[in-house]
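Q: With the input below, show me the fold.
(one chain, ligands or ions: 1)
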Amino acid sequence: MLTWEAPAKINLHLRVKGLRADGYHGLESIFLALAWGDTLRIDALKGPGGCELSRNCFCPPGDLPFPPEQDLAYRAALLFREKTGFDRALRIELDKRIPLGAGLGGGSSDAAAVLLALNRLAGTGLSAAALGALAETLGSDVPFFLSPGTALVYGRGERVIPLDSPRNIRVVLVNPGFSSDTAGAFRLLDAERDGPAPEDIPREILVRALSGSPGLWPYGNDFLPLFLEKGKSGEAEAYRGIILSLKALGAEFAGLSGSGSTCFGIFTDGGAADRAVRNLLERWNFVRITFPLARSGNAVLQ
Ligand code: C5P
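A: Next comes the predicted model:
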């Protein structure tokens, strides 16, 4: 039996470029893995057999809206077996804490954790490049989670350049209680954008800013202005309200992760972050404080 942690992520920066011929959008993003997430336990029995996934959902909405066979973690296990011929019966148990459709990468992180854990358990010794190729077929965010830390991410999400994680910051997550549909968000962006994507920020500026004060970060999320202007009215209000509250409570930087729905605040003052959590919990059900995960294999604090 192997236990493997599957951390959540936020996007400190997310620039969405044009629609490509393959139906995906070019991205330029800074991903930050967090010291909080899901936990996977995986066991290979003695003889050959099928794969069983059981999930304990500690996250909203409580009941998972799709069967285990459609879970990306399950699909990752099947893909691994198909590519490697590893056929021993598998029991996988997943503790899900990361809310679904929340822009925190829960499903993608679970899938990467399955690939990494099976590679260890089966002793297959797939290289990082071979695991990356499997990860990419499962989803755009999955390759990042093969070595979760802080990274500049581009292409459709599969190109990952590791960066040093920012130090001495706290991350406060606030989920507004509704989920976001990723494909729908990209479609809305295509429909509403009348010109080209905003100018790129040069990569060296994106990277250098990370070691400076969060109050000076030049980062942004292309989905956020879209949701504030064209989103459903309750959702736009929620995003506006959370981000304004985070800033009023001392966040030096506040933004939206992925295509929503989780917002985050970056604090350098731990006391202010703790007070912000207490204050935000009066209005929002899902509020968590965590910090960046240094790239360290599968060690995640719960
Ligand atoms: O790769 P993944 O399955 O996570 O993507 C979900 C959906 O998000 C895609 O089907 C696509 O509509 C959209 N997407 C995109 N460009 C990306 C990543 C995702 O358009 N770079």
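Q: which ones are touching the residue nearest the centre of the chain?
A: Among the residues of the chain, the one closest to the centroid is residue 105, at 2.6 Å (C-alpha atoms, centre = their mean). Counting by C-beta atoms under 8 Å, 6 or more residues apart in numbering, residue 105 makes contact with 8, 9, 98, 141, 144, 145, 258. All C-beta atoms are positioned from the backbone trio N, CA, C, and that covers glycine.
Q: mind checking the SS state of the first one?
A: In terms of secondary structure, residue 8 is strand; the call rests on DSSP: H, G, I helix; E, B strand; the rest coil.
Q: The residue nearest to the centre of the chain and residue 280, how far apart?
A: Distance, residue 105 to residue 280, using C-beta to C-beta, to the nearest Å: 22 Å.
Q: Tell me the confidence at the residue nearest to the centre of the chain?
A: We have a pLDDT of 98 for residue 105.
Q: From the ligand, how far off is it?
A: Distance, residue 105 to the ligand, using C-beta to the nearest ligand atom, to the nearest Å: 9 Å.
Q: could you give the mean pLDDT of the top strand by length along the chain?
A: The residue-count maximum for a strand in the chain (DSSP state E) belongs to strand 25-48. Averaging pLDDT along strand 25-48 gives 96.
Q: Can you name the next helix or strand after that strand?
A: Moving toward the C-terminus from strand 25-48, the next helix or strand (DSSP states H and E) is strand 51-57.
Q: Now for residue 239: which residues touch it?
A: By C-beta under 8 Å, 6+ apart, the residues touching residue 239 are 176, 224, 227, 228, 231, 256, 260, 263.
Q: Give me the spatial nearest neighbour of the second one, chain neighbours excluded.
A: Spelled out, that is residue 224. Closest residue to residue 224 in three dimensions, ignoring its sequence neighbours and counting by C-beta to C-beta, 6 or more residues apart in numbering: residue 256, at 4.5 Å.
Q: what's the spacing between that neighbour and the ligand?
A: Separation of residue 256 from the ligand (C-beta to the nearest ligand atom): 16 Å.
Q: Was I right to think that residue contacts residue 221?
A: Yes - the criterion here is C-beta atoms under 8 Å, and residue 256 meets it with residue 221 at 4.7 Å.
Q: what about residue 178, which helix or strand?
A: Using DSSP H and E, no element contains residue 178; it sits outside every helix and strand.
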